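Asks: pasting the sequence and the predicted coordinates here, then a few questions.
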Amino acid sequence: MLADQLAAWSDDVAAAAGELQRRTGVKRVILMGFRFGVLTASLASAKCDAVSALIAIAPLTSGKRYLSELRMIQMASGKVSDIRHPAGARPMEVGGFTLSAATVSALTGTDLSALNLPNLPDVLVIDRSDIQGARAWADSLSQRGARVQYAALPGFARMMMTQPHLSLVPQSMIAATRDWLSGLAIRDPEHPSGIPPAWNSATQDRQLELAPARSGDMLSEVPVLLACEPPVFGIVTEPRPGEMGRRAVILLNAGATHHVGPNRMYVTLARRWAERGDLVLRIDLAGLGDGAAVAGRSEIEVYPSEAVEQIRATVEFIRGEYGITNIAAAGLCSGAYHALRAAVAKVPVSQIVMVNPLNFNWNQGDTHDDLQWLGYKHNPDMYLRQVVPSKFWKKLFSGQINWRRLLKLYGCYGYELIQWVARDCARALRLPLPRDLGSELEQVAARGVDIVFVFSRGDPGIALLRHQGGSAIRRLGQRCRIHIVDGADHIFSQSGPRAALEAILSKELFAPPVQVPDAIRAMQGSLINEEQVG
């Protein structure tokens, strides 16, 4: 476990400011932070002379108060750990991220109002309009001689405290920041253009060296922009020089999360797999993360119609640039869907790894509410667990339960069971079925593509696969392997299940094609027997 992460993170921010200065020749660096990022930026400003201004958005002024918020999140998720005084601090895991005991201790005694920020003559504080908690800190900075501009603006909650695919960028905050920066540039006579003549983006290093987990040469990460429409942005994690293997893995966006993946999972996986000699490319599809949006379309489109061709362009890039032909496409949730669609469209991948897919056939015009209902109608018990966890009959007769919706749900479930049998009969008679999952999986496997599913136990995709894949899943045998992880939520936000997921993915990806180690085969067999998928 790391020691004081707060100190390490602020050191990293200071190092990044220094590196930016070294690579570009700029003399002044402005840091911008959101909530906890304001705290690390403030600490970093005291360590780096290059930092001359700060943009603080919805700042967390008290580390102790922040820990209290994290405890509330833990309680809501059912994962509670004690937050004690510094002498007895314990590590915390919240939302897939871990704070060490030393970090908890450091945060308990950290208060922005008590920090001396000698290098910050200019500060922009943008507070939340609904909860204004930073005015006193802004006033204290002014009293110490800083030029502080304070504004309380709307939009933070819709950006940061909603589901990623529903979040909205706060345009008022962007406009206020832009105006403040313009005023700052006018007051800076040294570089009126804002960019010094020494800067030449074409000559700058694109490669980021990574310290290896073990001794030896460093790994590296390189940003890429692939030529297709719209362009694909990605981060390539390369093995050490001379250790390039024969496999590459493409990691696809999970929902609206950008290329770091849920809980930064994709970064961890990419670097660990690169340690083993494989190349990993984490990409942002159209309108997601740093991916360019299609003109006239949403910037947060979880199922972009261009995804298959973008994956094809990514495969061609890996083949042409690195000479690797053994390429796996993997993803969680919508990323799993896109991996499947790419394989069905004959994109030349050797393996598809699908983690907790919620959908196998997305149609233009579908909504995320449709996706939720799809899960319910294939597994109505999930709806009952969420909506009516106790006292069912009392709630039903008292009108607290929408019985019409309940009847519709079980009617749809019965229809899906009939469809399940009908599709299997049609497959047995070799009748063509449009966008039939079972037939698609058989066609993909017939081309030699290895198929792997991983589910959290109880995830709705399990029933969806059973009903839409039918007996085809059994016929595929070892060409289609299914793993189920206990104790995991949909995005594997807890470290224990996430470690189990990593172990499964690593064994599958690094095993010879279609040949599974005995340990995995035995585990898989027991899991399939328990779930009876197919």
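Replies: Sure thing, it's come through.

Asks: thought Val267 was touching Thr257?
Replies: No. Assessed by Cβ atoms under 8 Å, Val267 is found out of contact with Thr257, at 11.6 Å. In this view, the C-beta of every residue, glycine as well, is placed from N, C-alpha and C.

Asks: more neighbours, the two?
Replies: Ranked by neighbour count (other Cβ atoms under 10 Å), Val267 and Thr257 place Thr257 first, with 24 against 18.

Asks: name the helices or strands packed onto the host helix or strand of Tyr337?
Replies: Element membership for Tyr337, per DSSP states H and E: helix 334-344. Judged by 3 or more Cβ pairs under 8 Å, 6 or more residues apart in numbering; DSSP states H and E, the packing partners of helix 334-344 are strand 247-252, helix 307-322, strand 326-332, strand 351-355, helix 437-446.

Asks: need these in TSV (columns: distance to Asn361 and mean neighbour count).
Replies: Listed next are the helices and strands packed on helix 334-344 as TSV, based on distance: least, Cβ to Cβ, whole Å; neighbours: other Cβ atoms under 10 Å:
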stretch	distance to Asn361	mean neighbour count
strand 247-252	17	26
helix 307-322	14	19
strand 326-332	16	24
strand 351-355	14	26
helix 437-446	7	20
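
Asks: so which of those is nearest Arg481?
Replies: strand 351-355 (9.8 Å; Cβ to Cβ).

Asks: now do that closest one, average pLDDT.
Replies: When pLDDT is averaged along strand 351-355, the result is 97.

Asks: sheet partners, orientation included, of that strand?
Replies: Strand 351-355 has its sheet partners listed here by DSSP bridges as strand 326-332 (parallel), strand 450-456 (parallel).

Asks: tell me how far the last one lies from the chain's centre.
Replies: Taking Cα atoms, centre = their mean, to the nearest Å, one finds the center of strand 450-456 at 18 Å from the center of the full chain.

Asks: got it, and stretch 118-126?
Replies: Worked out by Cα atoms, centre = their mean, stretch 118-126 lies 31 Å from the chain centre.

Asks: that older thread, next, format the strands paired with strand 351-355 as TSV and append mean pLDDT.
Replies: Formatted as TSV, the strands paired with strand 351-355 follow (pLDDT from 0 to 100):
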stretch	mean pLDDT
strand 326-332	97
strand 450-456	96
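
Asks: just put these in a markdown table and tack on distance to Arg240.
Replies: Output for those, formatted as a markdown table (distance: least, Cβ to Cβ, whole Å):
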| stretch | distance to Arg240 |
| --- | --- |
| strand 326-332 | 19 |
| strand 450-456 | 26 |
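
Asks: among those, which comes closest to Ala428?
Replies: Closest among these, using Cβ to Cβ: strand 450-456, at 20.9 Å.

Asks: so what touches the closest one?
Replies: Outside strand 450-456, the residues that touch it by Cβ atoms under 8 Å, 6 or more residues apart in numbering are 328, 343, 350-357, 441, 444-445, 461-462, 465, 476, 479-485, 488-490, 492, 497, 501, 504-505, 508, 513-514, 533.

Asks: and whichever helix or strand comes after that strand, what does it pack against?
Replies: Counting by DSSP H and E, the next helix or strand C-terminal to strand 450-456 is helix 461-469. Counting by 3+ Cβ pairs under 8 Å, 6+ apart, the packing neighbours recorded for helix 461-469 are helix 368-378, helix 403-428, helix 437-446, strand 450-456.

Asks: send me the third one as CSV with only the CA atoms.
Replies: What follows is the C-alpha trace of helix 437-446 in CSV, where atoms were taken according to Å, rounded to 0.1, in the frame of the first residue of the first chain:
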residue,chain,number,x,y,z
LEU,A,437,-27.1,-13.6,-31.6
GLY,A,438,-26.7,-17.4,-31.6
SER,A,439,-26.1,-17.5,-35.3
GLU,A,440,-23.8,-14.6,-35.2
LEU,A,441,-21.6,-16.2,-32.5
GLU,A,442,-21.4,-19.4,-34.5
GLN,A,443,-20.4,-17.5,-37.6
VAL,A,444,-17.7,-15.6,-35.7
ALA,A,445,-16.4,-18.7,-34.1
ALA,A,446,-16.3,-20.5,-37.5
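
Asks: and that helix, what other elements does it pack with?
Replies: Right, helix 437-446 is packed against helix 334-344, helix 403-428, strand 450-456, helix 461-469, helix 472-476 by 3+ Cβ pairs under 8 Å, 6+ apart.

Asks: if you set the cut-off to 10 Å instead, what comes out?
Replies: Judged by 3 or more Cβ pairs under 10 Å, 6 or more residues apart in numbering; DSSP states H and E, the packing partners of helix 437-446 are helix 334-344, helix 403-428, strand 450-456, helix 461-469, helix 472-476, strand 480-485.

Asks: run the chain-centre distance for that helix.
Replies: 28 Å.

Asks: returning to what we had before: let me have the helices and strands packed on helix 334-344 in a markdown table, extended by distance to Gly414.
Replies: Below are the helices and strands packed on helix 334-344 laid out as a markdown table (distance: least, Cβ to Cβ, whole Å):
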| stretch | distance to Gly414 |
| --- | --- |
| strand 247-252 | 34 |
| helix 307-322 | 33 |
| strand 326-332 | 31 |
| strand 351-355 | 27 |
| helix 437-446 | 20 |
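
Asks: what's the neighbour count on the nearest residue to Ile504 once chain neighbours are set aside?
Replies: Leaving aside its sequence neighbours, Ile504 sits nearest to His483 (Cβ to Cβ, 6 or more residues apart in numbering; 5.0 Å). Using other Cβ under 10 Å, His483 has 21 other residues around it.

Asks: so how many other residues sit close to Ile324?
Replies: 17.

Asks: picking that back up, for Val232, which of the helices and strands packed on helix 334-344 is the nearest?
Replies: helix 307-322 (4.9 Å).

Asks: would you map the strands across the stretch 151-300 of the chain?
Replies: 208-210, 219-226, 232-238, 247-252, 279-284 (DSSP state E, counting those that start in this stretch).

Asks: could you pull out the buried residues of the longest one?
Replies: For strand 219-226, the neighbour count (16 or more other Cβ atoms under 10 Å) marks Leu219, Ser220, Glu221, Val224, Leu226 as buried.

Asks: next one: stretch 441-461
Replies: Under the neighbour-count criterion of 16+ other Cβ under 10 Å, stretch 441-461 has 441-442, 444-445, 449-456, 458-461 buried.

Asks: got TSV for the helices and strands packed on helix 437-446, with distance to Asn363 too?
Replies: As requested, those are arranged in TSV below (distance: least, Cβ to Cβ, whole Å):
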stretch	distance to Asn363
helix 334-344	12
helix 403-428	16
strand 450-456	22
helix 461-469	14
helix 472-476	22
strand 480-485	24
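
Asks: most tightly packed of the ones you listed?
Replies: Mean neighbour counts were compared across the helices and strands packed on helix 437-446 using mean count of other Cβ atoms under 10 Å; the top stretch is helix 334-344, at a mean of 26.

Asks: relative to strand 326-332, how tilted is that one?
Replies: Using axes from the mean of the first three to the mean of the last three Cα atoms, to 10 degrees, one finds that helix 334-344 and strand 326-332 are set 140 degrees apart in direction.

Asks: distance from helix 334-344 to the middle of the chain?
Replies: That offset, for helix 334-344, works out to 17 Å (Cα atoms, centre = their mean).
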